[in-house]
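Undergrad: sequence? don't have it. structure:
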């Protein structure tokens with residue numbers, strides 16, 4: 001017999017779920033406290049600006065200018081110099097992990113400068129971490145330009161001068177880039193876990209079978225299960241937003257209405273994913289494993305949180321389109337840093353809305369199979 005959707009039945013399930021949440025401190029902590037802790041912890045821990053880079057110095061000239069060059073490094077917060085001890089093997093400190101850079105200043109360094117000849121200092125850099133190496137190379141270029149300008153008494157005169165002006169994040173503050181992305185990763189993972197674990201627990205203790213025996217439709221169950229957690233997830237987002245603004249001074253330049261709509265769609269999509277996982281697995285252990293596989297690595301690596309999507313191979317660029325965190329990352333970073341109007345975010349919003357509908361429909365269809373005799 002076909003049953004029609006009745007709103008009050010869905011609300012009754014939602015009310016029962018709210019009572020369950022209020023009696024379960026684990027669920028409240030997972031939705032509100034854990035996101036705060038994770039954003040604070042990883043917000044301070046993740047930093048793409050490398051500081052205190054150890055430099056082993058081999059000054060074979062020991063002149064005023066060679067010492068001035070060394071001071072140019074030590075005066076920067078990015079470098080920490082010390083005298084190299086492996087004479088004849090300047091790369092040994094790097095090999096032993098005592099330094100990231102070895103700098104060799106040959107004898108005659110100052111004399112060659114005063115005789116209007118090019119003088120060279122050799123820089124040996126540990127290339128095992130290419131991301132760090134690229135940043136260090138940029139730092140070295142800045143040190144070189146500053147030292148050359150100091151020697152000549154004026155900025156270097158190039159035929160073409162390019163001046164870069166960074167907008168939206170003028171100081172290139174890593175926290176402004178990282179924290180909005182962390183909100184996406186943490187919120188998405190915990191939202192999937194919320195419904196995956198709690199509903200899987202109902203399968204294990206038999207209460208879900210009791211619910212299925214009542215005259216309810218699959219969509220009523222899905223809606224009743226999701227609605228309370230949407231409110232809980234949005235509450236967690238509010239607290240995380242406050243932490244981002246106060247603890248990390250991340251600006252917000254967009255529309256709060258657009259932010260609320262994006263959070264609602266993303267949380268709904270993630271909760272529906274978790275619900276689908278719980279229906280398929282029906283066991284908390286399997287549900288947790290599946291949630292970690294779905295909610296952690298793909299969003300972390302393929303959402304644009306760390307690695308730019310534009311630099312990925314074509315296949316992976318298309319693959320990211322089926323990941324909700326990819327679209328939410330684009331929205332939330334744009335709203336925090338750029339303040340782009342809603343018209344400029346239509347495509348990410350449409351993508352999130354479609355995914356929410358697809359996951360809710362998939363979970364409802366799976367429930368329908370359980371309702372049928």
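TA: Right, received. Where do you want to start? Predicted model, so just to flag it, every value in this text is computed and none were measured. Residues are numbered from 1 along each chain as shown.
Undergrad: so which strand or helix has residue 169?
TA: For residue 169, there is no helix or strand it lies in under DSSP states H and E.
Undergrad: Where does pLDDT dip in the stretch 101-250 of the chain?
TA: Along the stretch 101-250 of the chain, the parts satisfying pLDDT under 70 run over 116-118, 152-163, 212.
Undergrad: Tell me where it has strands.
TA: Counting by DSSP state E, counting those that start in this stretch, residue ranges of the strands within the stretch 101-250 of the chain are 101-105, 121-125.
Undergrad: Need the contact partners of the last one.
TA: Same thing as strand 121-125. When contacts are taken as C-beta atoms under 8 Å, 6 or more residues apart in numbering, the neighbours of strand 121-125 outside the stretch itself are 69, 90-91, 94, 100-106, 109, 133, 136-137, 140. (Each C-beta comes from the backbone N, C-alpha and C, glycine too.)
Undergrad: Tell me the first helix or strand C-terminal of the longest strand seen in the chain.
TA: Taking DSSP state E as the assignment, the strand of the chain that covers the most residues is strand 53-59. Proceeding N to C from strand 53-59, the next assigned helix or strand is helix 64-74, under DSSP H and E.
Undergrad: quick one: strands adjacent to the helix or strand following that following helix?
TA: With elements assigned by DSSP H and E, the helix or strand that comes after helix 64-74 is strand 79-83. The strands that strand 79-83 pairs with in its sheet are strand 53-59 (parallel) (by DSSP bridges).
Undergrad: List of residues touching the partner strand?
TA: Counting by C-beta under 8 Å, 6+ apart, the neighbours of strand 53-59 from elsewhere in the structure are 66-67, 70, 73, 78-87, 90, 93-94, 98-105, 136, 139.
Undergrad: Apply 6 Å and report the result again.
TA: 66, 70, 73, 78-81, 83-84, 90, 93, 99-105 (C-beta atoms under 6 Å, 6 or more residues apart in numbering).
Undergrad: Could you do stretch 337-346 as well?
TA: Here stretch 337-346 has contacts from 168-169, 253-254, 258, 331, 334, using C-beta under 6 Å, 6+ apart.
Undergrad: next one: stretch 314-328
TA: Against stretch 314-328 from outside (C-beta under 6 Å, 6+ apart): 184, 188, 266, 269, 298-299, 302-303, 309, 348, 351-352, 355.
Undergrad: what about it, distance to the chain center?
TA: Its chain's C-alpha centre lies 15 Å from the corresponding centre of stretch 314-328 when counted by C-alpha atoms, centre = their mean, to the nearest Å.
Undergrad: and what of stretch 265-275?
TA: Relative to its chain's centre, stretch 265-275 lies at 19 Å (C-alpha atoms, centre = their mean).
Undergrad: what's that stretch in contact with?
TA: Applying C-beta under 6 Å, 6+ apart, the external contacts of stretch 265-275 come out as 188, 191-192, 195-196, 199, 225-226, 229-230, 233, 324, 328, 352-353, 355-356, 359-360, 363.
Undergrad: Please identify the buried residues of that stretch?
TA: Residues of stretch 265-275 classed as buried by neighbour count (16 or more other C-beta atoms under 10 Å): 265-275.
Undergrad: would a markdown table of those residues with pLDDT and distance to residue 11 be doable?
TA: What follows is the buried residues of stretch 265-275, written out as a markdown table (pLDDT from 0 to 100; distance: C-beta to C-beta, whole Å):
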| residue | pLDDT | distance to residue 11 |
| --- | --- | --- |
| 265 | 96 | 21 |
| 266 | 97 | 23 |
| 267 | 96 | 19 |
| 268 | 96 | 17 |
| 269 | 96 | 21 |
| 270 | 96 | 22 |
| 271 | 95 | 17 |
| 272 | 94 | 18 |
| 273 | 95 | 23 |
| 274 | 93 | 21 |
| 275 | 92 | 17 |
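Undergrad: need the contacts of stretch 314-328 in a markdown table with secondary structure, can you?
TA: Compiled in a markdown table, the contacts of stretch 314-328 are given as follows (DSSP: H, G, I helix; E, B strand; the rest coil):
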| residue | secondary structure |
| --- | --- |
| 184 | helix |
| 188 | helix |
| 266 | helix |
| 269 | helix |
| 298 | helix |
| 299 | helix |
| 302 | helix |
| 303 | coil |
| 309 | helix |
| 348 | helix |
| 351 | helix |
| 352 | helix |
| 355 | helix |
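Undergrad: In ChimeraX, select just the buried ones from these.
TA: Selecting in ChimeraX just the buried members of the contacts of stretch 314-328, where the criterion is 16+ other C-beta under 10 Å, is done with this command:
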select :184,188,266,269,298,299,302,303,309,348,351,352,355
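Undergrad: and residue 255, what does it touch?
TA: Neighbour list for residue 255: empty [criterion: C-beta under 6 Å, 6+ apart].
Undergrad: Distance check, residue 257 against residue 264.
TA: Taken as C-beta to C-beta, to the nearest Å, the spacing of residue 257 relative to residue 264 amounts to 11 Å.
Undergrad: higher neighbour count, those two?
TA: Set side by side, residue 257 and residue 264 give different neighbour counts by other C-beta atoms under 10 Å, the larger being at residue 264 (17 against 9).
Undergrad: The more buried one: which element?
TA: Assessed by DSSP H and E, residue 264 sits inside helix 256-281.
Undergrad: go on, residue 332?
TA: When elements are assigned from DSSP H and E, residue 332 belongs to helix 324-333.
Undergrad: so where's the stretch 251-373 of the chain shaky on pLDDT?
TA: Low-confidence regions of the stretch 251-373 of the chain, defined here as pLDDT under 70, cover residues 368-373.
Undergrad: would you list every one of the helices in the stretch 101-250 of the chain?
TA: For the stretch 101-250 of the chain, applying DSSP state H, counting those that start in this stretch gives helices covering 109-114, 130-152, 174-205, 207-212, 218-247.
Undergrad: And the last one, how far out from the chain middle?
TA: Looking back up the chat, that one is helix 218-247. For helix 218-247, the distance from its own C-alpha centre to the chain's C-alpha centre is 19 Å (C-alpha atoms, centre = their mean).
Undergrad: Good, wrapping up.
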